[in-house]
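J.: just coords:
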């Protein structure tokens with residue numbers, strides 16, 4: 001008796017299901033085994049071995065320097081399964097903690113700073129790390145920097161080393177601040193797109209590229225004043241660190257064509273003659289130099305060393321006692337909930353509320369690195385800080401790279417605002433951009449029609465010209481928000497709205513310029529903010545905790561191992577997952593990775609992030 005076509009289809013589906021089910025079971029078993037190994041390692045064999053004397057800390061800074069990482073172990077696993085690489089991020093707190101702990105560690109005799117894989121960071125954060133390097137050197141431990149080349153951000157850190165070396169074919173590229181930007185008015189006119197820019201603030205220039213063919217005089221004035229101040233600070237810092245005459249960096253840049261010709265185009269030689277580096281060495285030559293100065297490793301092939309990641313895993317924290325709670329406000333401000341590395345009106349407010357209601361937390365530091373965003377979300381956050389102060393807990397704002405517009409708004413309810421001299425802040429202004437494409441659809445022969453019950457029913461339709469009544473409503477709302485902004489700023493700064501308006505109007509300032517205009521209280525570092533919060537809370541012995549979204553169970557298991565071992569475990573799990581699916585289904589690795597990526601059970605296995613707050617203990621004790 002012949003089989004029907006449907007029976008073959010059913011058999012095929014049954015085979016596919018059995019293959020997927022077998023793969024699922026195999027992968028689950030592999031995951032369980034690996035997690036068990038991780039736990040056993042963390043409990044019985046994961047303790048850090050004592051360092052040998054004359055160990056060198058290798059600061060191989062990789063990725064972007066950030067206030068708060070937005071990646072986790074689950075992301076690393078998924079990326080490994082896909083065959084990609086996780087975008088590396090370094091948290092400022094981790095770099096400072098490693099430098100501080102290593103400075104006090106008798107087994108650490110010095111450090112080697114490698115910046116080739118560093119992807120940069122804002123000026124305020126780079127200055128924090130540079131200050132950390134200086135404190136490390138002040139403990140009597142030298143820092144040797146090496147790079148195949150240095151960009152402007154990398155060199156700011158390298159310049160603070162005791163010795164700076166460059167590859168013989170490398171260069172130091174210092175470009176300054178400010179760039180040309182494109183202006184699209186004529187192009188948009190040709191396309192038939194009309195950009196309606198509604199704003200309050202003469203200097204609120206964000207939307208100018210869409211309504212003009214060049215910057216306004218106000219924008220030129222503000223940008224020049226800001227960039228010149230940042231550049232003067234940068235070059236002054238470099239010249240002080242390298243013991244160069246004032247103005248030497250600009251002189252070298254201005255004379256660059258002639259100087260390049262004088263050395264026959266050898267940029268490394270030019271860099272050495274300009275005294276930006278102390279010598280030209282290959283990486284292996286630096287390694288040989290470090291061997292002669294210190295001690296060989298157990299294999300005798302290099303100097304005795306420990307990596308940044310492995311040393312970070314050794315940094316111990318206190319888990320009991322009074323605490324200062326730190327909330328990181330990094331990224332754009334949006335309504336609702338946002339994950340790590342971003343600011344949500346509801347989620348960040350909830351973090352502040354958690355700190356306020358925790359009896360162990362005696363003061364709060366808000367670390368801000370934000371260009372702004374939603375005014376409503378910003379007000380929610382500011383209000384929670386106001387309630388925290390009313391509850392008797394001091395609030396200190398520490399401004400990082402940027403605390404502008406909404407980033408300044410959330411800073412307006414504090415006992416003290418501390419900014420780095422190079423923080424970009426201010427930008428007290430409001431704008432809205434409403435583009436319309438009615439001329440575009442006219443060209444295409446598209447028409448719109450309808451019978452809404454009110455004129456508001458289609459007022460925001462970008463395919464119709466902007467209704468003047470709608471524009472009037474939006475402008476009125478913007479005016480109101482600006483009045484609220486300047487009024488709250490005046491109350492916070494103990495001055496009048498008129499005086500705030502004079503330094504507002506959407507204009508951005510450096511931290512030093514903002515201090516001169518009364519927009520911040522103090523120029524200082526993140527550590528200064530912690531000390532201020534402790535003093536205001538009358539704490540002499542305290543710990544610092546970071547109030548963050550709760551990590552998943554999978555992340556917490558990985559964090560138990562720490563350091564480079566954790567990265568290796570995540571990669572191993574990803575590799576085993578692909579192998580398991582490949583073995584059970586016969587599919588090639590890339591296809592297996594695709595299946596794993598799409599399977600819903602992976603989210604359950606990794607126990608994706610729970611919705612809210614946990615207090616993650618981290619970093620440092622009382623200075």
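T.: That came in fine, so what should we check first? What you see is a predicted model, and the numbers here were worked out from it, not measured in a lab.
J.: Going by C-alpha atoms from here, please, whenever you check contacts or count neighbours.
T.: Noted.
J.: For the residue nearest the centre of the chain, give me the pLDDT.
T.: With distances taken as C-alpha atoms, centre = their mean, residue 66 lies nearest the centre of the chain, 2.8 Å away. pLDDT recorded at residue 66 is 95.
J.: For the closest residue to it other than its chain neighbours, give me its contacts.
T.: Nearest residue to residue 66 in three dimensions, chain neighbours excluded: residue 91, at 5.0 Å (C-alpha to C-alpha, 6 or more residues apart in numbering). By C-alpha atoms under 8 Å, 6 or more residues apart in numbering, residue 91 lies in contact with 65-69.
J.: Need those in a markdown table (columns: secondary structure).
T.: A markdown table is the format used below for those (DSSP: H, G, I helix; E, B strand; the rest coil):
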| residue | secondary structure |
| --- | --- |
| 65 | strand |
| 66 | strand |
| 67 | coil |
| 68 | coil |
| 69 | coil |
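J.: Just the buried ones from those residues?
T.: Buried members of the contacts of residue 91, counted by 16 or more other C-alpha atoms under 10 Å: 65-69.
J.: Which of those sits closest to residue 486?
T.: residue 67 (28.0 Å; C-alpha to C-alpha).
J.: which residues does the closest one contact?
T.: Applying C-alpha under 8 Å, 6+ apart, the residues near residue 67 are 91-93, 328, 330, 341, 369.
J.: Next one: it from residue 54, what distance?
T.: Separation of residue 67 from residue 54 (C-alpha to C-alpha, to the nearest Å): 31 Å.
J.: how near is residue 156 to residue 296?
T.: For residue 156, the distance to residue 296 - C-alpha to C-alpha - is 30 Å.
J.: Need the three-state assignment for residue 245.
T.: Residue 245 - assigned by three-state DSSP - is coil.
J.: Give me the nearest residue to it, chain neighbours excluded.
T.: residue 239 (6.5 Å).
J.: got the contact list for that neighbour?
T.: Here residue 239 is in contact with 245-249 (C-alpha under 8 Å, 6+ apart).
J.: Residue 141 now?
T.: Contacts of residue 141 (C-alpha under 8 Å, 6+ apart): 103, 109-111.
J.: ranking the residues you listed by neighbours, who comes first?
T.: residue 111 (28 neighbours; other C-alpha atoms under 10 Å).
J.: That one should be in a strand, yeah?
T.: Yes - judged by three-state DSSP, residue 111 forms part of a strand.
J.: Touching, it and residue 139? I think so.
T.: No - counting by C-alpha atoms under 8 Å, residue 111 sits too far from residue 139 to count as a contact (11.9 Å).
J.: Phi and psi next, for residue 160.
T.: Main-chain dihedrals, residue 160, degrees, to the nearest 10: phi -90, psi 0.
J.: Residue 150 against residue 114, yeah?
T.: No - taking contact to mean C-alpha under 8 Å, the distance of 10.1 Å between residue 150 and residue 114 leaves them out of contact.
J.: coming back round to it: per-residue pLDDT of the residue nearest to residue 66, please?
T.: According to the prediction, residue 91 has pLDDT 96.
J.: now it: how far from residue 105?
T.: In terms of C-alpha to C-alpha, residue 91 sits 21 Å off from residue 105.
J.: Helix or strand for residue 475, just tell me which one.
T.: Element membership of residue 475 [criterion: DSSP states H and E] is helix 468-493.
J.: could you say what helices and strands that helix packs with?
T.: Judged by 3 or more C-alpha pairs under 8 Å, 6 or more residues apart in numbering; DSSP states H and E, the packing partners of helix 468-493 are strand 194-200, strand 430-436, helix 497-503.
J.: pLDDT averaged over it, what's the number?
T.: For helix 468-493, the per-residue pLDDT averages 96.
J.: Return the angle between stretch directions for that helix and strand 194-200.
T.: 30 degrees (axes from the mean of the first three to the mean of the last three C-alpha atoms, to 10 degrees).
J.: From the chain's centroid, how far away is helix 468-493?
T.: Helix 468-493 sits 30 Å away from the centroid of its parent chain (C-alpha atoms, centre = their mean, to the nearest Å).
J.: Tell me how many other residues surround residue 257.
T.: Residues lying near residue 257 (other C-alpha under 10 Å) number 11.
J.: Could you check the pLDDT of it?
T.: The score at residue 257 is 97. That number is its pLDDT.
J.: how far away is it from residue 56?
T.: Counting by C-alpha to C-alpha, the gap from residue 257 to residue 56 is 40 Å.
J.: Highest neighbour count among the contacts of residue 239?
T.: Result: residue 249 is most packed of the contacts of residue 239 (other C-alpha under 10 Å), 18 neighbours.
J.: That residue against residue 235, yeah?
T.: Yes - assessed by C-alpha under 8 Å, residue 249 is found in contact with residue 235 at 6.4 Å.
J.: Which phi and psi values does residue 90 adopt?
T.: According to degrees, to the nearest 10, residue 90 has phi -110, psi 130.
J.: can you pull the contacts of it?
T.: 61-66, 69.
J.: mind redoing it with 7 Å?
T.: 62-66 (C-alpha atoms under 7 Å, 6 or more residues apart in numbering).
J.: Between residue 156 and residue 296, which is the more surrounded one?
T.: Neighbour totals were compared for residue 156 and residue 296, and residue 156 leads with 22 against 18 (other C-alpha under 10 Å).
J.: which SSE is that one in?
T.: helix 152-158.
J.: Run through who's touching that helix.
T.: So helix 152-158 is contacted by 115, 120, 126, 130, 145, 164, 173-175, 238 (C-alpha under 7 Å, 6+ apart).
J.: In ChimeraX, how would I select the buried members of these?
T.: Burial among the contacts of helix 152-158 is assessed by 16+ other C-alpha under 10 Å; the matching ChimeraX selection reads:
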select :115,120,126,130,145,164,173,174,238
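J.: In the contacts of helix 152-158, find the pair that's most separated.
T.: Greatest spacing in those, by C-alpha to C-alpha: 145 and 175 (20.7 Å).
J.: And the contacts of residue 141, which two are furthest apart?
T.: Of all pairs drawn from the contacts of residue 141, the widest gap by C-alpha to C-alpha lies between 103 and 111 and measures 9.7 Å.
J.: what is the mean pLDDT for stretch 215-225?
T.: Rounded mean pLDDT across stretch 215-225 is 96.
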